[in-house]
Structures are given as C-alpha cells and as structure tokens.
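Trainee: here's a sequence, model it:
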Amino acid sequence: MIKKGVTIGPKDTDLKSTDKTDILEYNIEEIRGWTIDELNKIEDKINTIITRYFAPEKELEFRTIILNSSIVSTGAKMKILRNIESFDKKYIGKIQTLMNTRNAFAHLPLTKSAVVSVTNNNGNLVWLLESVTSQLDIMNSSGEIKKKNAKELVLEYKDLVVEINQYLDEYIPPMTKEEVIKSIAERNEKK
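Mentor: All right, here's what the predicted structure looks like:
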C-alpha cells in the first residue's frame, strides 16, 4: 500500500531494477534491454523538448497521443528537432547513431568470431583458441553493413548516452511553478 507523502524508490516496485553497476557485468539479454531502455529515456527528453517548443494547450494529450512512438517515430522526431533552431544539430546525428545501435541489439543475432592459432608440434597439429568475440552486423547511415565488436559497441553506446543526456539535461529548462501546477491539474483531470 502506498501512502500519501511517501517517496517511492526503485525498490518499491513490482519490477525490480538490476543491482549491477557496470554494463560489462550484464549478460546479452540485459544489454539488449538496457540499450532499449536508455534510448526510451532519451526519447522522453526529446518529447519534452518538442512539447515545450510547441506549447500545446493540452500538453498531456500532446505527449501521450501525438508524440506516441506508434504515431510519430523517433526518426520523425529527429526531423522536428532539426527544425528547432536552438537545438544543436550535431546531437541529431549522435542520437541516430544510438538508434542504429539500439536497433542492432534489439533485432539482430549476436555472432561469435574466434581466433585460433595452429602450430605443428612434431607432426601433430595443436589448435589453441586464443579469443572469442561477440559481434553484430550494423548497418550504417550509408546503408553499408559492418561487423562490430559487441563489447566495444556497448561501451561506445554507454559513452554516447552519457554525452547526449548531459546535453539534453542542459537544453531542457526546468519547469516553472506555473508549468508544474498546470501539469498536475491536467493529470488530475484525466482521473
């Protein structure tokens, strides 16, 4: 039971978050989910930017209906951002890179690449497995498919997520008291 005035923390939910702190501790299924979740969080910030730019009278409906990802894709939202003069266009390319990587982790099979050394030991071949690398075939913005090391890709993704979130957090101005009150009032009207 949730009581009024109680702060709800991450452990107070029916679906638990991971306790792992390093992305390299995640298994592939967790990495797939993490990449999707991180892009969802960024898309929510993009929705905030677009909503504040257009300042619709029915803000909640605009966010939940018009900007719903089943109606307006993340790619279409990039086109909207491109037309907001104050938005730094270099981040659109970075977000598109995130989208491509997220799609690869979400939809593509992970393949393994092995490095094996073979030596001749008095007429007997000795095979030594030196390394096994997980890979994804990523299509770049030019439509070319490139093999990418999955571990390096996830670390690049993590760094890009940090950089984009930092920019978006600085770009989005804090809500005014009036905006907070309006938002709460709209949500209460829906109940």
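Trainee: burial check on Lys148, number of neighbours?
Mentor: Residue crowding around Lys148 was assessed by other CB atoms under 10 Å; the count is 18. Bear in mind the C-beta positions are built from the backbone N, C-alpha and C, glycine included.
Trainee: right, and the helix or strand after the helix or strand it falls within?
Mentor: Taking DSSP states H and E as the definition, Lys148 sits inside strand 145-149. Per DSSP H and E, the first helix or strand lying C-terminal to strand 145-149 is helix 150-171.
Trainee: between that following helix and strand 145-149, how many degrees?
Mentor: Orientation note: helix 150-171 sits at an angle of 100 degrees relative to strand 145-149 (axes from the mean of the first three to the mean of the last three CA atoms, to 10 degrees).
Trainee: return the set of buried residues in helix 150-171.
Mentor: The neighbour-count check on helix 150-171 (16 or more other CB atoms under 10 Å) flags Ala150, Leu153, Val154, Tyr157, Lys158, Leu160, Val161, Ile164, Tyr167, Leu168 as buried.
Trainee: other SSEs contacting that helix?
Mentor: The contact analysis (3 or more CB pairs under 8 Å, 6 or more residues apart in numbering; DSSP states H and E) places helix 150-171 against helix 28-54, helix 90-107, strand 124-139.
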